[in-house]
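Trainee: fold the following and give me the result.
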Amino acid sequence: GFGGLAAAKELADAPVSVTLVDRNNFHTFQPLLYQVATSGLASADVAYPVRGIVARQENLAFRQATVIGADLDAQVLHLQHDDHEVDDLTYDHLIVAAGATTNTFGIPGVDHHGFPLYNLDDAVRLRNHVLERFEAADAEPALIDDGALSFVVVGGGPTGVEVAGALIELFHLVLRKDFPQLDLGQARVVLVEMQADLLGPFRPASRRHARETLEARGVEVRTGAQVARVRGNRVTFADGDEIAAHTLVWAAGVQANPVGAALGLRTGRAGRIVVDPALRVPDHPEVWAIGDVAAIVDRSGGDGALLPQLAPVAIQSGRHVARQICCIAAGRPAPTSPFRYRDKGTMATIG
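Mentor: Okay, here's the model as predicted:
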């Protein structure tokens with residue numbers, strides 16, 4: 001991901017040997033997954049071979065494998081390959097940069113019927129499903145009343161806003177021409193947010209603009225609403241209201257990749273690995289955690305809040321850890337420089 005690659009590239013000129021491990025041999029540009037899901041981009045446009053990214057880095061080797069555990073005292077990582085063969089990888093320093101996964105908050109039916117949007121497979125699956133629903137409605141128009149052309153997007157953050165805007169644009173600018181016999185006026189996009197506003201971290205003016213723009217384009221925005229249950233063709237809210245819909249896009253939150261627990265590291269809220277201000281794991285000074293998987297405290301405030309799980313945080317924290325390892329490799333005393341995040345702003349695109 002963004003953090004692991006940033007750390008690896010920062011170590012390019014250091015007197016170290018770098019091994020980059022990932023279960024996929026490609027890097028996914030996650031901010032544009034919603035465009036793959038809404039047929040705006042092809043899969044290959046957001047996935048790039050890792051070996052191509054690091055091809056010129058002489059001190060780096062890539063291993064395609066899944067991390068299944070570790071012996072922290074012996075400094076050994078346990079890997080499993082696609083053929084189920086298991087082997088070990090020793091290390092002097094371990095940077096855990098495994099990112100995050102979808103968090104369904106235990107709401108019944110979301111795991112089985114919902115469509116998350118966090119990796120390339122998710123995006124392709126959602127794209128195919130959306131097109132299948134239009135094909136089904138075209139073949140049997142009675143399915144429209146059952147919710148075949150109703151799409152509920154849960155989560156009013158950047159991902160939810162972007163998906164809702166792109167879906168409504170797809171329907172009216174592309175699929176209207178592809179399905180001339182369908183009444184696209186019956187196609188619905190419903191954006192659901194539990195809080196009072198969309199885009200919570202944004203300024204009030206941006207929040208208002210996002211809602212007004214979405215509604216002007218035909219998206220139904222429901223704030224202060226919470227999903228209680230999901231079935232194959234129904235979405236039920238906490239207040240008892242129900243929407244007939246065959247599609248629920250889950251963009252309501254993420255949790256840390258469970259690799260932290262698999263490695264035997266102490267985790268906190270949402271499974272994020274506990275780290276000190278320098279991003280080291282307590283009791284294991286040779287282990288570091290960065291990006292979405294790490295519980296990095298925002299040092300700009302005094303409330304102990306954690307930094308958001310965003311690509312810029314991952315990139316900056318990856319570079320920070322790499323620079324500290326460079327100091328150690330050069331024989332200087334182990335650094336204890338605290339990580340300070342520089343927020344350069346956040347963007348969401350509507351359509």
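
Trainee: where does pLDDT dip in the stretch 151-300 of the chain?
Mentor: By pLDDT under 70, the stretch 151-300 of the chain has no low-scoring segment.

Trainee: quick one, helices of it?
Mentor: Remark: helices assigned in the stretch 151-300 of the chain by DSSP state H, counting those that start in this stretch are 158-170, 176-178, 204-216, 259-262.

Trainee: of all those helices, which gets the most neighbours per residue?
Mentor: Most buried of the helices of the stretch 151-300 of the chain by mean neighbour count (mean count of other CB atoms under 10 Å) is helix 158-170; its value is a mean of 25. Bear in mind the C-beta positions are built from the backbone N, C-alpha and C, glycine included.

Trainee: so which elements touch that one?
Mentor: helix 33-37, strand 150-154, strand 188-193, helix 204-216 (3 or more CB pairs under 8 Å, 6 or more residues apart in numbering; DSSP states H and E).

Trainee: let's see that with 10 Å instead.
Mentor: helix 33-37, helix 120-139, strand 150-154, strand 188-193, helix 204-216, strand 220-223, strand 247-250 (3 or more CB pairs under 10 Å, 6 or more residues apart in numbering; DSSP states H and E).

Trainee: out of the ones you listed, nearest to Thr349?
Mentor: Among the helices and strands packed on helix 158-170, helix 33-37 comes nearest to Thr349, with 8.7 Å by CB to CB.

Trainee: list the buried residues in the helix or strand following the closest one.
Mentor: Proceeding N to C from helix 33-37, the next assigned helix or strand is strand 47-49, under DSSP states H and E. By neighbour count on 16 or more other CB atoms under 10 Å, the buried set for strand 47-49 is Ala47.

Trainee: what mean pLDDT does strand 47-49 have?
Mentor: Across strand 47-49, pLDDT averages out at 96.

Trainee: between the helices of the stretch 151-300 of the chain, which gets nearest to Phe62?
Mentor: helix 259-262 (17.8 Å).

Trainee: let me know whether Arg280 touches Glu286 as I believe.
Mentor: Yes: Arg280 lies in contact with Glu286 (CB atoms under 10 Å); the separation is 8.3 Å.

Trainee: which one of the two has more residues nearby?
Mentor: Shown here are Arg280 and Glu286; by other CB atoms under 10 Å, Arg280 has more neighbours (20 against 15).

Trainee: what about that one, distance to Asp73?
Mentor: Using CB to CB, to the nearest Å, Arg280 is found at 16 Å from Asp73.

Trainee: strands of the stretch 251-351 of the chain, start to end?
Mentor: Along the stretch 251-351 of the chain, counting by DSSP state E, counting those that start in this stretch, strands occupy 254-256, 273-274, 280-281, 284-289, 294-295.
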